[in-house]
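Sequence first, predicted coordinates after that:
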Amino acid sequence: MNAVEIEEAVSALVEQPFDVEDFPYAFLAAFGNKETTLRRLRTGHTNKSDVGGVLQRANIHLAVAPVGEVSATLSGLRASPATGKHNARFILATDGARVEAEDLESGEPLACNWAELPDHFGFFLPLAGITTVRQIRENAFDIRATSKLNKLYVELLKTNPEWGGDERRVDMNHFMARLIFSFFAEDTGITPERGMFSSTVAQMSAADSSNTHEVIGAVFKAMNTRHDDRAAAGVPRWALSFPYVNGGLFAGTTDVPRFSRTARAYLLQVGSLDWKQINPDIFGSMIQAVADDDERGALGMHYTSVPNILKVLNPLFLDDLRAKLEEAGDNARALLNLRKRLARIRVFDPACGSGNFLVIAYKELRNIEHEINRRRGEVDRRSDIPLTNFRGIELRDFAAEIARLALIIAEFQCDVLFRGQQEAIRDFLPLSSENWITCGNALRLDWFALCRPTGTAVRVVGDDLFSTPVDQSEIDFENEGGETYICGNPPYKGSQDQTDQQKHDLEAAFGGRLKSTKSADYVSGWFILARDFIARTGGSAAFVTTNSIHQGRQVSLYWPAFLGKDLEITFARPSFKWSNLASNKAAVTVSIIGISVISNKPKRVYADDMVKEVGRIGPYLVPDQTEIVSPRSVPLSAVSDMSNGSMPNDGGGLLLSSGEARTLTSEHPSAALFLRRLMGSHDSIHGAIRYCLWIEDAQLRDALAIEPIRARVEAVRNHRLRSKRETTNELAAAPHRFGEVRHSPGWTLLIPRHSGEDRPYLPFELTEGSVAVIGDSAIALPRFRMHEISLYASRLHLVWIATVCGKIKTDFRYSNTLGWNTFPVPQLTEQNIADLSRCAEDILLSREAHYPSTIADLYDPETMPTNLREAHERNDEVLERIYIGRRFRNDTERLEKLFAMYTQMTAAEKKVVSKRGKRA
């Protein structure tokens, strides 16, 4: 379950009459416990409580208290020996009126009324394995509001299915935006009375909901009509006190979808929430999912958290501004100059979604400006930072609308915080009709036209808050000559996931600068257009990006175009988990890369909470290394040669499932002589069993005497003859053999080409040539030496492969020419080789102890056997001490060393070649 689903379940629990007997189990069910788990607790099989409650091991000890004795019952749970013995994380007591709980790990208490429990559902999220608890607790309102708005949206579409179609979807989205504003306005003093919109709907609309749409339509009409014009416009007397909003928010049709009784109830539920708590930086991306069919199933899962957004904005420009604020101290002139600088800054997000990055940037700049005003004794001063300096491009119209609305709400909240409620309300309405968020395809639009560095002739698509007419308006920036910072989280689609339109988008963005963009990640389009913008204006950019952009073959293909001779990477945060509202397994691995014009300023590489200043950052995001690794036909280091596995090229004729092999040998026992197990990547990792026909030339007559084998060989011949490739046609002369034979007798190390990124080490398997054949989905290291297993199975080798070979989706993509042949290994002494060989033997023995567990079982990051993990740890320590005399601190340090060695070794190699050339 995700956080939104849990909030809904807790809300549903509270809405039901309190059930003394069932409460503990209903509570656990709300946090994702399955019925089988609850059944075992009910029967007492797994209930470890010693005080008559329910204790779930390593989770929670909870009990229903007698009326008025909640605190005493909680104390009893805290003192219970079973609570400590069974590692309960939480204790909870309730009598159906009050709830008290404690997080025993942090010591944090919770006390609330029963009806308020849904407001605190985030307190208990570790029960569901969700790790982003702090973020969720801070944004609990947004999750509750989104959940209820989603119910309302779905219910309205049941009654008004046409509003979900292409023709009326825009109207539905406008309606939802108007609702959000109305709820916000009634709870923040923008309307004359608190709860004015909700109470009007409750009082003026019939309980059977027959006229709910008419009442809401009349309110919307009032908020779109100047007070002097309302009588002529036919606004009813009961709606006259609503404020005039303007800004295009309520312009156009005042049609409202018809309401069922259920929809009306949902509307009033949403109105009962306290909308002062809305966080526009988070709420926007959550609410856009309500109106998106593809995202609604994962409601609230795709938001970009504030801490993650700041990982982009802080090094891009906020850290510098804060440093200048610190330098200014109380110097009035320096503070004034800094305030003028803030007012001229433009923030541009060309993939803005619902505006998260823009909202956070605006709020952070307002914080700095407020501190300047405080130090200058001007705390009541109106802000000089205009919303129109925060520009965006978004493909989806509703998300673009929500981005504008989120910025408007953010401005109001900042005014309330820094200037006071009355001042904020006085300046808030009517809204400006300017539209500064562009709805369109960012890879097809002219960024320079949308965000010029000067204050003149800035063309923006749209002339009011929502509409996008053919005659486009031009909105000048209010302050000229400022800095421009491009930022955002563009779409990550890999080449295999792109539509034809998206592939054409990339071609257009690169404008013929590359021979082909077919293998490019979609995010590369944002980098190339940012490169063009910066080269023209001198700005800076930073994007959250999939790791594919700085790993593997894309590095040599695209980074020369991104940087050219005039740009550089100014900061980077390589490979970290980008978490969301789901459980910890749902996080995606990303990087953040900042680029700007070349300067002498130090560059920064961020890892966890550490930052390292360096002279330069290469496209692999390794400090002080700009080398690009190219494939090699022979190893750079003193290691054995790897080769691809054998390729059948048979149309399936030489391959058999385990069932087919069993049938063949049962009917023709002598056929066993010609069968060997076929091992590929999937087979070696998951223990799947397949077979192949392996017929030596000298055995051909005997093999063909077996009719099923003869038929298969003939099928291979026909398959190869039908091919349009001449080389394949030639293979038909020997249809009993694999098309490409690279088989070796004896023991061989099998290396999967593709393997999941979650495993702590790269998988491998040992095969024996007389028993198994390695297929072309894997790579073979025949005649390996034992210490080479140690090299391959190390953390050092994994990070090298992840960086220079890259990935396909989330799988490591192993390459012998790009990964193994380029891997830098120091010259090893005999003692080094002996030590590493012993480590490899320990790894193999540890694996053997868990036979018949598969590689997938053994290297599952959560269940990896302790002795195997320790064997790998010892191997890493021995190997890393050979490299630098100690363990590496992190993967960044590992890559720094490996790239430094690679650069030295390739340079030495070039010198040798050069000397030979001169001698010749």
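Here it is on my side, so go on.

okay, CA-based contacts and neighbour counts for the rest of this
OK.

elements contacting the longest strand along the chain?
Longest strand in the chain by number of residues, with DSSP state E as the criterion: strand 567-578. Judged by 3 or more Cα pairs under 8 Å, 6 or more residues apart in numbering; DSSP states H and E, the packing partners of strand 567-578 are strand 588-597, strand 603-607.

Any stretches of the stretch 551-700 of the chain with poor pLDDT?
The model of the stretch 551-700 of the chain has pLDDT under 70 over residues 579-587.

can you pull out the strands in it?
With DSSP state E, counting those that start in this stretch as the criterion, the stretch 551-700 of the chain has strands at 567-578, 588-597, 603-607, 610-614, 643-644, 655-657, 675-679, 690-693.

Compare those and report which one is nearest to residue 243.
Closest approach to residue 243 among the strands of the stretch 551-700 of the chain (Cα to Cα): strand 567-578, 41.6 Å.

what's the angle between the closest one and strand 610-614?
160 degrees (axes from the mean of the first three to the mean of the last three Cα atoms, to 10 degrees).

and strand 567-578, how far from the chain's centre?
Mean-position distance between strand 567-578 and its chain equals 15 Å (Cα atoms, centre = their mean, to the nearest Å).

residues of that strand that come out buried?
The neighbour-count check on strand 567-578 (16 or more other Cα atoms under 10 Å) flags 567-575 as buried.

which residues touch residue 640?
By Cα atoms under 8 Å, 6 or more residues apart in numbering, the contact list for residue 640 reads 781, 783-785.

if we can go back for a sec, what strands line up against the longest strand of the chain, and which way round?
strand 588-597 (antiparallel), strand 603-607 (parallel) (DSSP bridges).

Who is residue 594 paired with across the strands?
Residues in a beta bridge with residue 594, per DSSP bridges, are residue 542, residue 571.

okay, now it: neighbour count?
24 (other Cα atoms under 10 Å).

Is it in contact with residue 571, as I believe?
Yes - between residue 594 and residue 571 a contact is recorded at 5.1 Å, counting by Cα atoms under 8 Å.

quick one: residue 63 is in a strand?
Yes - applying DSSP: H, G, I helix; E, B strand; the rest coil, one finds residue 63 inside a strand.

How about it: what's its closest non-neighbour residue?
Leaving aside its chain neighbours, residue 63 sits nearest to residue 53 (4.3 Å; criterion: Cα to Cα, 6 or more residues apart in numbering).

Report the separation between residue 559 and residue 528.
The spacing between residue 559 and residue 528, counted by Cα to Cα, to the nearest Å, is 9 Å.

okay, these two: which has more neighbours?
Ranked by neighbour count (other Cα under 10 Å), residue 559 and residue 528 place residue 528 first, with 22 against 19.

I figured the more buried one was touching residue 508, is that so?
No - with contact defined as Cα under 8 Å, residue 528 does not reach residue 508; the gap is 10.6 Å.

quick one, what contacts residue 152?
Taking Cα under 8 Å, 6+ apart, one finds 263, 266-267 in contact with residue 152.

one step back: my guess is the residue nearest to residue 63 meets residue 60, correct?
No - checked against Cα under 8 Å, the pair residue 53 and residue 60 is beyond contact range at 10.3 Å.
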